[in-house]
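Peer 1: Sequence first, predicted model second:
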Amino acid sequence: MRSFFRNRLLAAGVILFIVICLLSIFQPVIVRALIGNINPMAQGKFPIFDPPSSQHLLGTDRFGRDVVSLLLIGLRFSLSIGIMAGVIGTLLGTVVGLIAGFYGGIVDSILRSSTDMILVIPTLPLLITLSAYIKRLDVVTMAILLSIFSWPFAARTIRAQVLSLRERAYIDLAQTSGLNKMEIVFQEIMPNLLPFLGVGLAASTVGAILAEFGLEVLGLGPGNVSTLGLMINWAISWGVLTLGKGIIVAAPAVVLVLLFLSLNFINIGLEQAFNPRLKGTTGL
Amino acid sequence: MRRRVWLRFFLRRLVTYIITIFGSFTVAFLFFHLIPGDPIGALMASLQQQYGGHNTASAEMIAAYRVTFGLDQPLPVQYVHYITNVFFHLDLGPSLISFPTHSQDLIVRALPWTIGLLGMAVIISWTLGLLLGGLLGWRRNFPGAQFLTTAAIGLAQIPQYIVAIILVFLFAYFLGWLPSRDAYPANVAPGLTIEFFTGVIRHGILPALSIVIVAVSGWILSTRSLIVTILGEDYLLYAQAKGLPRRNIFLHYALRNALLPQLTGLAISLGFIVNGALLVETLFNYPGLGTLLVKAVGILDYNTIQGIVLISIISVLTANFLLDLALPLVDPRIRIGD
């Protein structure tokens, strides 16, 4: 654990991520404390385009909604979709990667070429088409959609790792001592893959949030809830930049950037901490 | 003898290349056709919205459109039909966005804009990233190096769209220096004039910059980590002992070795430019493939969407294929015996 936090990048990422998680978990409580017992999505409860004040820390939007409350709702939403899609994608990828790497031969060739085929299909056009068709997307559907295209990345990394682990002496030992293939995969190989799973999880969560953001910015995705991308989409269509209300577009952008930063710091930090080839050379 | 080996290598790669194109495209085709959407219904709805809305489309009209788009056939027939049309007649079928025009014409019109914008952006960021990243790795104890590296880590994964919004706010609204929409001024006719040319450049700066800022950070990071792993190598020590100037060691010994993996990366990103900056193009209303795609999705214009997806699959795989062929020629360490 100490070596875990000796990496400053990783520590910064984890702390930032915990803060973001706490904010999203306690979002309903915080919103109630901020604006009282008002539905934060309801229009016309406050004056429109109020400048930031002690009552509305970031002002209000064109429909008289409190910007901070919308931000918190959006953050919770983006985060839960991202994590869910990341987890599903990483799980799928891990299973495929483990099987391909461990069994090798024809299983590996088939799995690898199908992974490659999915990797080159451009994701965003397909997702856009799907979500333009499915008008009412909920969190789970959206997470599943996003993970369909994110698992090949995890599968590739895991496969490469398994290939190198498979040749180690301790696997031979396990084989001669009579463990069956499943036992070897789960007892001997899996624990050594954990850091890579962490990296894969952070990377695919970032990918999912990025894709989700892309959909929302185009005005697609769930319409009845505020999301970070949708807030930017609204703000642009209201022309807030020309109105001098840049804060309405800046706020969701900053929150999103912080979210990306935390996940990336975790990602790169994990890699630095657990990849002995990089240890000591990166100087961070 | 060597020639025969190379020919076998070439043929094997070629077969994999063609199979992968078909495989990926089949997955994409099935994906689009298994969504239970009704493109003709969508077209009729949008036509009615555009032209007053009081003439409801007759059943014959809908049936006629269905035949035109081949939607009355069963799925396997549609697939074979589509593949023969695309690969033997280079015809993607009629588009819905601007009806009688075929999709390939729309795509060919949009393609130069995307290739120009993204191609420039990718090449600029690759060159800059290689040099800056190399220097950051080479002089990693330089006071500013740590700070710059951390900044690059932060910038590398920020959505280009957000960078674009910030740039638009700063340079188009706040300072008013550069235009924020379209690819050329509305009052200048496209042609080989200086006016048009400078207009295109001025309009291209902000979209290109928003891609470059993000992409260059990625290249900086990857080049830097390549250089850092090379730093301990004996041949660098030897070059130093020979008394070569430090600059020559950096350029010809360290950077040269980082160049090959980075060339691989460059080929891959050049392949991906076709589907690259979809959101940035939309924000700037840039008339490239991204904007075309978003418009096509708006009315579920399958022929155009599939065409764009197909082009992007082909360009990514072609870049990879060419790279596979070129690498053994460029890098003497790669042998093609296996």
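Peer 2: Sure, I can see it. These figures come from a predicted structure and were not determined experimentally.
Peer 1: low-scoring pLDDT stretches of the chain, where are they?
Peer 2: Here I'm looking at chain A. In the predicted model, chain A carries pLDDT under 70 at residues A:1-5, A:135-136, A:221-224, A:275-284.
Peer 1: was after chain B, sorry
Peer 2: Along chain B, segments meeting pLDDT under 70 span B:1-2, B:35-59, B:69, B:274-276, B:331-338.
Peer 1: That one: helices as residue ranges?
Peer 2: B:2-34, B:39-50, B:59-68, B:75-89, B:103-138, B:143-155, B:160-167, B:194-230, B:234-241, B:246-248, B:256-272, B:278-284, B:289-298, B:302-330 (DSSP state H).
Peer 1: Just put the ones you listed in a markdown table and tack on mean neighbour count and distance to residue A:15.
Peer 2: Just so you know, the C-beta spots here come from the backbone N, C-alpha and C atoms, and that holds for glycine as well. Below are the helices of chain B laid out as a markdown table (neighbours: other Cβ atoms under 10 Å in any protein chain shown; distance: least, Cβ to Cβ, whole Å):
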| stretch | mean neighbour count | distance to residue A:15 |
| --- | --- | --- |
| helix B:2-34 | 15 | 41 |
| helix B:39-50 | 16 | 48 |
| helix B:59-68 | 13 | 58 |
| helix B:75-89 | 13 | 52 |
| helix B:103-138 | 20 | 26 |
| helix B:143-155 | 15 | 15 |
| helix B:160-167 | 22 | 23 |
| helix B:194-230 | 20 | 22 |
| helix B:234-241 | 12 | 38 |
| helix B:246-248 | 10 | 40 |
| helix B:256-272 | 18 | 32 |
| helix B:278-284 | 25 | 30 |
| helix B:289-298 | 24 | 37 |
| helix B:302-330 | 20 | 38 |
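Peer 1: Those helices: which one's closest to residue A:73?
Peer 2: Minimum separation from residue A:73 across these (Cβ to Cβ) falls at helix B:160-167, 19.3 Å.
Peer 1: Need phi/psi at residue A:50.
Peer 2: Dihedral angles of residue A:50 (phi, psi; degrees, to the nearest 10) stand at phi -70, psi 140.
Peer 1: thought residue A:154 was touching residue A:92?
Peer 2: Yes. Between residue A:154 and residue A:92 there is a contact under Cβ atoms under 8 Å: 7.4 Å.
Peer 1: More neighbours: those two, which one.
Peer 2: Using other Cβ atoms under 10 Å in any protein chain shown as the criterion, residue A:154 and residue A:92 rank with residue A:154 on top: 29 against 18.
Peer 1: ok, residue A:123 to chain B distance?
Peer 2: Separation of residue A:123 from chain B (Cβ to the nearest Cβ, to the nearest Å): 8 Å.
Peer 1: Let me see the contact set for residue A:139.
Peer 2: Listed by Cβ atoms under 8 Å, 6 or more residues apart in numbering or on different chains, the contact set of residue A:139 reads A:77, A:80-81, A:84, A:222.
Peer 1: and the one helix or strand residue A:253 maps to, which residues are buried?
Peer 2: Using DSSP states H and E, residue A:253 maps to helix A:247-274. Neighbour-count burial for helix A:247-274 flags A:248-253, A:255-257, A:259-274 (criterion: 16 or more other Cβ atoms under 10 Å in any protein chain shown).
Peer 1: circling back to that earlier point, out of the contacts of residue A:139, which are inside helices?
Peer 2: Per DSSP H, these map to helices at A:77, A:80-81, A:84.
Peer 1: who wins for neighbours among those?
Peer 2: Neighbour counts for these (other Cβ under 10 Å) peak at residue A:81, which has 28 neighbours.
Peer 1: Verify the assumption that residue A:46 is located in a strand.
Peer 2: No. Residue A:46 is assigned coil when assessed by DSSP: H, G, I helix; E, B strand; the rest coil, not a strand.
Peer 1: Residue B:171 versus the residue lying closest to it once chain neighbours are set aside, what's the distance?
Peer 2: What sits nearest to residue A:46 in space, not counting adjacent residues and going by Cβ to Cβ, 6 or more residues apart in numbering or on different chains, is residue A:64, at 4.4 Å. Note on residue A:64: its distance to residue B:171, by Cβ to Cβ, to the nearest Å, is 31 Å.
Peer 1: Also residue A:119?
Peer 2: The value you get for residue A:119 to residue B:171, if Cβ to Cβ is used, is 36 Å.
Peer 1: same question, residue A:63
Peer 2: From residue A:63 across to residue B:171, the span is 29 Å (Cβ to Cβ).
Peer 1: next one: residue A:44
Peer 2: For residue A:44, the distance to residue B:171 equals 35 Å [Cβ to Cβ].
Peer 1: So for those two, which sits in the more crowded spot?
Peer 2: residue B:171 (17 against 9).
Peer 1: Touching, the more buried one and residue B:210? I think so.
Peer 2: No. Using Cβ under 8 Å, residue B:171 is not in contact with residue B:210; the gap is 10.5 Å.
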